[in-house]
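K.L.:
Quick check, what structure comes out for this input:
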Amino acid sequence: DAPGPLARVRAAALAATLRVSSVSDEAALLFEKDANDLLELHGPLVLARALAALGGLTEPLTLRSLLDGREGVRTVCAHPQESGGVTAEGEGEVTPSEVAIAVREALGIKKIGRVSLCTDGCALLDVSTSQAQQLVLASLS
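P.N.:
Here you go, the predicted model:
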């Protein structure tokens with residue numbers, strides 16, 4: 001499985017931190033004036049930019065499906081509710097078609113993609129960003 005955006009950022013930050021830590025004090029002192037000038041001019045964000053550059057992340061991450069890597073979709077995890085005999089412990093198994101029906105009704109759409117069930121009873125599916133927001137709002141009401 002491909003790592004999610006947060007895991008990629010954490011890995012890049014770790015790589016950048018290791019590179020920074022490997023610089024000797026003597027070498028760092030050669031850049032101290034420039035570093036102070038940059039901090040004064042750009043503030044602490046310049047340090048974040050330096051870490052991003054050292055970690056190889058110079059552009060925003062492209063959001064992708066966690067299921068198949070497609071761009072422009074969000075992977076949603078639907079948790080079963082206790083009502084109707086369905087619990088997170090797997091009692092009263094939920095089927096992909098039941099999840100698909102519930103999501104189609106919540107979004108007012110005719111078709112959704114594949115629904116994958118997890119061993120803990122949750123279901124994973126990909127939807128557009130706006131549809132993901134709709135599902136979150138529907139779950140809160």
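
K.L.:
alpha carbons only for contacts and neighbour counts from here, please
P.N.:
OK.

K.L.:
Name the spans of this protein whose pLDDT lies under the cut-off.
P.N.:
Low-confidence segments of the chain (pLDDT under 70): 1-3, 81-92.

K.L.:
Could you pull out the helices in it for me?
P.N.:
For the chain, the helices defined by DSSP state H cover 5-21, 25-29, 32-42, 45-54, 96-107, 129-140.

K.L.:
Off-centre distance for the shortest one?
P.N.:
What that stands for is helix 25-29. How far helix 25-29 lies from its chain's middle: 37 Å, per CA atoms, centre = their mean, to the nearest Å.

K.L.:
still on that earlier bit, can you redo the helices of the chain as a markdown table, where the extra columns are distance to residue 123 and mean neighbour count?
P.N.:
Converted to a markdown table, the helices of the chain look like this (distance: least, CA to CA, whole Å; neighbours: other CA atoms under 10 Å):
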| stretch | distance to residue 123 | mean neighbour count |
| --- | --- | --- |
| helix 5-21 | 20 | 15 |
| helix 25-29 | 50 | 10 |
| helix 32-42 | 45 | 12 |
| helix 45-54 | 34 | 15 |
| helix 96-107 | 7 | 15 |
| helix 129-140 | 13 | 14 |
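
K.L.:
So for residue 64, which of these sits nearest?
P.N.:
Nearest to residue 64, of all these, is helix 5-21, at 8.5 Å by CA to CA.
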